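Peer 1: This is a predicted model, with the sequence first.
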Amino acid sequence: GPVSVRIINNDYKNWDVAMSPVPLDKSDPVVKEKLESKFVSKVRPGHADLAGAIKFGHEDIRNVLERSSARETTSRVVAGAVCKKLLKIVGIDIVSYVTRIGSAFIDDDVLGSNYLELFKKAEKSEVRCPDEKTSELMKKAVDEARANGDTIGGVTKIVAINLPIGLGSFTHWDKRINGRIAGALMSVHTVKSVEIGIGKKVGELYGSKVHDQIQINPEW
């Protein structure tokens, strides 16, 4: 049957006037005071604030920053969780874990390819890294950035297990699976690059070291 999800925004009460979806009486002193107290004129680097405000002529940057917020991904996260449950029924697992935060990282060659086990270990880590030692180094990197009043980036690995052959399209450019995956990930505003497979390492190796070997399954 249909699936519905209700997401409660506990912060709504602080923005019921400033972000009102209906016209307000700006001559009302209470309304005027609430609007002025939430007025945002300073743009943030690395965000859509400046470009969005210039594009649409906004004086109040709030109109941009609230709509380009990571909160926009909330509904997609919920839908993704439901999809993962459905895929699990047909034997497909989608797992992920963090391999780098700042200068703290763990090499894929060290981790191996037992992805389900790595995912279980990542679930126990505060920074979602399957390696305990690296997790501690990652936490230190985050704490150091916070202490300096800064932020820090990282790398996440996503693995799909037991996918059927033939997903996507080899005839339509806009339906090719790599493009759709990259597009979905890049639509999250914090994501700045996507690598499929070994990614940029392709530029360092011969084709014989890059392409998967084709083998016959004797059970077919």
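Peer 2: Okay, I see it.
Peer 1: for this structure, what spans make up the strands?
Peer 2: 93-101, 104-105, 154-161 (DSSP state E).
Peer 1: Off-centre distance for the shortest one?
Peer 2: Relative to the mean C-alpha coordinate of its chain, strand 104-105 is positioned 19 Å out (Cα atoms, centre = their mean, to the nearest Å).
Peer 1: helices or strands up against that strand?
Peer 2: Applying 3 or more Cβ pairs under 8 Å, 6 or more residues apart in numbering; DSSP states H and E, we find strand 104-105 packed against helix 132-147. Where you see a C-beta, it was placed from the backbone N, CA and C, and this is true even at glycine.
Peer 1: what is the rounded mean pLDDT of stretch 79-99?
Peer 2: Averaging pLDDT along stretch 79-99 gives 95.
Peer 1: lowest-confidence helix or strand of this protein?
Peer 2: Within the chain, no helix or strand scores below helix 62-65, which has a mean of 85 by mean pLDDT, DSSP states H and E.
Peer 1: Once you drop chain neighbours, what's closest to the most centrally placed residue in the chain?
Peer 2: Closest to where the C-alpha atoms of the chain average out (Cα atoms, centre = their mean) is Val188, at 5.1 Å. Using Cβ to Cβ, 6 or more residues apart in numbering and skipping residues adjacent in sequence, the residue nearest Val188 is Thr73, 5.7 Å away.
Peer 1: what number of residues lie near that neighbour?
Peer 2: Using other Cβ atoms under 10 Å, Thr73 is surrounded by 14 other residues.
Peer 1: Also Leu167?
Peer 2: Residues contacting Leu167 under the criterion other Cβ under 10 Å number 12.
Peer 1: Farthest from the middle of this structure: give me that residue.
Peer 2: Max distance from the centre of the chain (Cα atoms, centre = their mean): Ser27, 41.7 Å.
Peer 1: backbone phi and psi for that residue, please?
Peer 2: As for Ser27, its main-chain torsions (degrees, to the nearest 10) stand at phi -80, psi -10.
Peer 1: which residues does it contact?
Peer 2: Residues counted as contacts of Ser27 (Cβ atoms under 8 Å, 6 or more residues apart in numbering): none.
Peer 1: So what sits opposite Ile101 in the bridge?
Peer 2: Ala104, Gly154 (DSSP bridges).
Peer 1: Going along the chain, name the helices of this structure.
Peer 2: Along the chain, the stretches classed as helices by DSSP state H are 29-37, 49-56, 62-65, 74-89, 108-111, 115-123, 132-147, 177-186, 207-210.
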